[in-house]
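Participant: Any chance you can model this:
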Amino acid sequence: MEKYDVVIIGAGPVGLTLSTCLARWGYRIKHIDNRAEPTATGRADGIQPRSLDLLRNMGLKRKIMAHDPAKVYEVAFWDPNSKGIHRTGTWASCPKFIDARYPFTTLLHQGLIERVFIEDIEKHGVQIQRPWTITGFQNDGKDPSYPVEVRLAHVDGTQTETVRAKYLFSGEGARSFVRDQLGVKMIHKDPIAHVWGVMDGVVRTDFPDIKMKCTIHSDAGSIMVIPRENNMVRLYIQIASSTDPDWHPRKTTTQEEVQRRAKEILKPYTISWDRVEWYSVYPIGQGIAERYTLDERVFMGGDACHTHSPKAGQGMNTAFLDAVNLAWKIHHVERGFAPRSLLSTYESERKLIAENLLDFDARYAKLFSARIPSAGEVSGASSQSTCMQENEFVTTFKASCEFTSGYGVAYNANAINWSPDAHPAQHSLFLSRASGTTKLRPGKILTPATVTRVVDANVVHLEQEIPLNGSYRLYIFGGCPKKNSVALHDLATHLSAPKSFYTTFSHQDLSSKDRYHERHNPHSDFVSVCTVLNAKRADIEIADMLPELLARYQDHVYADDVWDARVPDAKAAAHAKMGLDETRGGVVVVRPDGYVGCVVGLAEGRGTVEALDAYFGVLVGRRLGGERSVL
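Facilitator: Reported below is the predicted structural model:
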């Protein structure tokens, strides 16, 4: 019987992302999908700014952008008036108060996105088996190392296969066989209240904002306009509501009827279709799985765990983050870096985000589907319709921009997200936003910063310098190197101690294998190290200013000498954006998925490493540190 580290069911965004990560990290994967081919048309199409960061960190962004997707920088709001509809304003898709590298939504059909992942998976030796489906499974424990038996079959029933796995993952979508077999219920937050048609195609129109994302409310109904690649446009068109006298949640309608409705809603503008690539009708329903796993062996993610309206563009983006969250945790358990209890944080972290998404989605869908009063119905608005008071939909949209961009994701305190109250690791050198000693919040994404790489004088994005390689990231903000020389050398000395977190997980073959050209993990697969100094690039001599432990990461030594408009008076902008003292610096621990784990002060003596050992000791489930060593 064949044995695999992970069996993945479903080759949509969540399954492909999980497979991509684990295949790169050397795991043996069985990946099946019940479709004969990848997505051909339609489905999800929006990549939010935070997800684009992630794709770049995975080295996939360029291939995505090579398909020349549409980019949405602004959203236009159209509301009813006496002539039909009129534009009442625009708003940035990702406003400037969100410190985003890519302040736009990328729009590209799901099939093209899937193909980028599939190409990468195949490059790492994994083939998606099509069209195959799962017929049964059980965590019977007959093989302690591969406790899950999985039964698979070709969709035509001509072939069957039984394999064993360490883990089984359902990325099957809303009709998950695995979820049903586990007896996990979907909790439906709200009854279906609206039915929408969605249509991708090439149009002819005099509507002026057809190349922008638009929310359109008229007396004839509502439309959302989404520009797409290859001169296409996607229209979401409301076709039924629970307030209708003949309401039925499973109402269907023809493509031609939906086009007629769109023409009515867009008046006084006209629209016609050169071609329609994809058309579907769907009810807006919300649901969340009671559990994401029962035993930390069989997991679910993506639409198998949460269903919601697609108009906010969150489904695929949430799936990406589900997969990455689980991938690095499986990796750390299987590599012996962490105890199996780490896997319990997958459900607690990602279910919280899904619940927040559903709460937002319910408000958004309800307001989008509601009839907005025309300008003439608003007292005093007829003479100043372009500056009439914002309606509730626009107010909600603006307030939700951080969430929809992906930067609003915030995990609660737990073993991997330090807090001053609940975390078992406590030390006087831990820094916190509450105390004003850092601007960073554990459980949120690392603030972006631009710095100069010393070895080649390239100006780079610090948060992107370490790829998604499954390692923790240790950002040492060294402050002024002359004033902090002792602290930096003490840090290196105590990191080299035999029982420190850094040494505990060092490569066992350091003397026998040449890792001279290994940029990110020359010493350990557990952690990668970056050092950022408050100095001009030309003034930094790595070998002279840094101890050997930090100097061996010479490709990850940076000068904090790039001005940033968000901290215009700072001499060391990256330090300032993190809320760290520009002279004394600090140490930021970032999880493999890019979220801050903890922040520690950089001080002379052993205190900095004591705090870091305490934090990592909780993560890895063993006592770390306690011995002195000298480089």
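
Participant: Which residue ranges of the stretch 451-600 of the chain form helices?
Facilitator: Counting by DSSP state H, counting those that start in this stretch, the stretch 451-600 of the chain has helices at residues 485-495, 501-504, 542-545, 548-551, 573-578.

Participant: hang on, residue 64 packs against residue 58?
Facilitator: No - using Cβ atoms under 8 Å, residue 64 is not in contact with residue 58, being 10.1 Å away. For every residue, glycine as well, the C-beta is placed using N, CA and C.

Participant: thinking again about what came up before, so which of the helices of the stretch 451-600 of the chain gets nearest residue 196?
Facilitator: helix 573-578 (40.9 Å; Cβ to Cβ).

Participant: contacting residues around the closest one?
Facilitator: Identification of contacts with helix 573-578 by Cβ atoms under 8 Å, 6 or more residues apart in numbering yields 99, 438-440, 447-451, 462, 477, 479, 532, 534, 558, 560, 562-564, 566-567, 570, 581-582, 585-586, 588, 599.

Participant: quick one: which of the residues you listed sit in strands?
Facilitator: Within these, residues falling in strands by DSSP state E are 450-451, 477, 479, 532, 558, 586, 588, 599.

Participant: Whichever of the residues you listed end up buried, select them in ChimeraX.
Facilitator: Here is the ChimeraX command that selects only those of the ones in strands among the contacts of helix 573-578 that count as buried (16 or more other Cβ atoms under 10 Å):
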select :450,451,477,479,532,558,586,588,599
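
Participant: how about the CA coordinates for the strand or helix carrying residue 169, as PDB?
Facilitator: Under the criterion of DSSP states H and E, residue 169 resides in strand 160-170. Extracted in PDB, the C-alpha atoms of strand 160-170 (Å, rounded to 0.1, in the frame of the first residue of the first chain):
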ATOM      1  CA  THR A 160      -9.900   2.200  -7.100                       C
ATOM      2  CA  GLU A 161      -7.000   2.800  -4.900                       C
ATOM      3  CA  THR A 162      -6.400   2.700  -1.100                       C
ATOM      4  CA  VAL A 163      -3.500   4.600   0.400                       C
ATOM      5  CA  ARG A 164      -2.200   5.500   3.900                       C
ATOM      6  CA  ALA A 165      -1.300   9.100   5.000                       C
ATOM      7  CA  LYS A 166      -0.200  11.100   7.900                       C
ATOM      8  CA  TYR A 167      -2.800  13.800   7.000                       C
ATOM      9  CA  LEU A 168      -5.900  14.100   4.900                       C
ATOM     10  CA  PHE A 169      -7.000  17.500   3.700                       C
ATOM     11  CA  SER A 170     -10.400  18.400   2.200                       C
END
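
Participant: in it, what's buried?
Facilitator: Quick answer for strand 160-170 (16+ other Cβ under 10 Å): 161, 163-170.

Participant: Show me what it is packed up against.
Facilitator: Applying 3 or more Cβ pairs under 8 Å, 6 or more residues apart in numbering; DSSP states H and E, we find strand 160-170 packed against strand 3-9, strand 132-139, strand 148-154, helix 177-182, strand 298-300, helix 315-334.

Participant: Show me the contact partners of it.
Facilitator: So strand 160-170 is in contact with 1-10, 15, 18, 30, 132, 135, 137, 143, 145-154, 176-179, 297-301, 304, 326, 330, 334, going by Cβ under 8 Å, 6+ apart.

Participant: Narrow those to those that are buried.
Facilitator: Among these, those classed as buried by 16+ other Cβ under 10 Å are 4-10, 15, 18, 30, 132, 137, 146-150, 152-154, 176-179, 297-301, 304, 326, 330, 334.

Participant: number of nearby residues for residue 47?
Facilitator: Residue 47: 28 surrounding residues under other Cβ atoms under 10 Å.

Participant: Can you point out the buried residues in the helix or strand of the chain with the lowest mean pLDDT?
Facilitator: When the helices and strands of the chain are scored by mean pLDDT, DSSP states H and E, helix 392-399 comes last with a mean of 76. Neighbour counts over helix 392-399 (16+ other Cβ under 10 Å) mark 393-394, 396-397 as buried.

Participant: Thank you kindly, that will do.
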